[in-house]
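# Give me the fold of what follows.
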Amino acid sequence: MTAVLRTIGEFEAAARDRLDPAHYDYFAGGTGEEITLRANEAAFARLALLPRVLRGAGSPRIGVTLLGSPVAMPVLVAPTAFHRLADPEGEPATARAAAGAGTIMIVSMAATVAVEDVATAAPGATLWFQLYVQPDMAFTEAIVRRAEAAGCTALVVTVDSPARGHRDRDLRNGFVDLPEGMRCDNLRDGDLVRPIVMSPEISWEHVDALRRMTRLPIVLKGVTHPADARLALEHGVSALYVSNHGGRQLDTVPATVQLLPEIVAAVAGAVPVLVDGGIRRGPDVVKAMALGASAVAVGRPVIWGLATGGERGVARVLALLREDVEQTLTLCGVASVDDLGPELVRPC
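Sure, this is the predicted structure:
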């Protein structure tokens, strides 16, 4: 990094200058008219914080515990594919930065470095594994076993992708394959690397099959409807992850922060609720947690850090978010993220 970058927006601008334009569009883009993509950030701007004063709160405490893992701050690294497009080292660099920040990295099934190698390259990192259930359940089980053997402590099962979103930027750029020398090693089957199959046949029965297959906690990612949140509890999931896939699947789905309160109400504290989508600053994190999120996850900001400065760039992005969360809590008169509640947030 040749200059001190102080915001996620500055990191994105720097990353855009460094990345192949087609690769930048792959990371930055959404589906369709990108209405949901824009809505995710805009929805946070339509929420205001209403601070309290003279609380004597002291230095804020921002650590949380998620599925038995202590986390130094309530900001996780969301699953994103193809990190080696952003930096030659790829996912290991991201994992080391996440470990240094004391947070969890969710390793994508479409990572460009195998989950075993990510774990080896980042000893001490807390890793969760993101999974698309494949119609071939024997292959799905083989992937789950690899994640278990690598030391991953939860499965994040993406359930909003019965088909692939129509991503106009990728179609215009002709971006369909990874460059020569890159592959998704988590999809290795013998000497072959299989494609990810997105199937409309995936159902709650597959969630039940996963539950029988592994003792790892199952986090359902992509839940946006409160009825599905209640069904998830019936099927024994350990956490819910409110996500519209960063605007990359079905366009015109509402912003996740708008959907969050209904999901939180539906589960009534039975399981943790995570959220991603449009989180760019500390106030966004605080607003999400005030509305009931147990923690948030960030995807594109991590990629911008990785593209700009490798491991150091990711570490800087996570440090900026941590500092911003702490400052926001202090200015709101809140001693701990555990004390956040909806009374702190107003529409504007």
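
# For residue 106, give me phi and psi.
phi -100, psi 110 (degrees, to the nearest 10).

# what's the neighbour count on it?
A count of nearby residues for residue 106, using other Cβ atoms under 10 Å, gives 26. Just so you know, the C-beta spots here come from the backbone N, C-alpha and C atoms, and that holds for glycine as well.

# change the start of the numbering to 2 and stick with it
With 2 as the first residue, the last one maps to residue 107.

# Centre-most residue in this protein?
Residue closest to the average C-alpha location in the chain (Cα atoms, centre = their mean): residue 79, at 2.0 Å.

# Let me see the contact set for it.
When contacts are counted by Cβ atoms under 8 Å, 6 or more residues apart in numbering, residue 79 touches 107, 277, 298, 299, 300, 303.

# if we go to 7 Å?
Residue 79 makes contact with 107, 277, 298, 299, 300, according to Cβ atoms under 7 Å, 6 or more residues apart in numbering.

# Adding distance to residue 144, pLDDT and secondary structure, write these out as a markdown table.
Putting the contacts of residue 79 into a markdown table (distance: Cβ to Cβ, whole Å; pLDDT from 0 to 100; DSSP: H, G, I helix; E, B strand; the rest coil) gives the following:
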| residue | distance to residue 144 | pLDDT | secondary structure |
| --- | --- | --- | --- |
| 107 | 15 | 98 | strand |
| 277 | 22 | 98 | strand |
| 298 | 21 | 98 | strand |
| 299 | 25 | 98 | strand |
| 300 | 21 | 98 | coil |
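
# Let's have the residues you listed in TSV, adding distance to residue 141.
Shown next, in TSV, are the contacts of residue 79 (distance: Cβ to Cβ, whole Å):
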residue	distance to residue 141
107	17
277	23
298	23
299	27
300	23
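
# Buried ones among those?
Among those, those classed as buried by 16 or more other Cβ atoms under 10 Å are 107, 277, 298, 299, 300.

# residue ranges with poor pLDDT in this structure?
2-4 (pLDDT under 70).

# What residues of the longest helix out of those in it count as buried?
Longest helix of the chain, by residue count under DSSP state H: helix 301-333. Of the residues in helix 301-333, 301-319, 321-323, 325-327, 329-333 count as buried by neighbour count, 16+ other Cβ under 10 Å.
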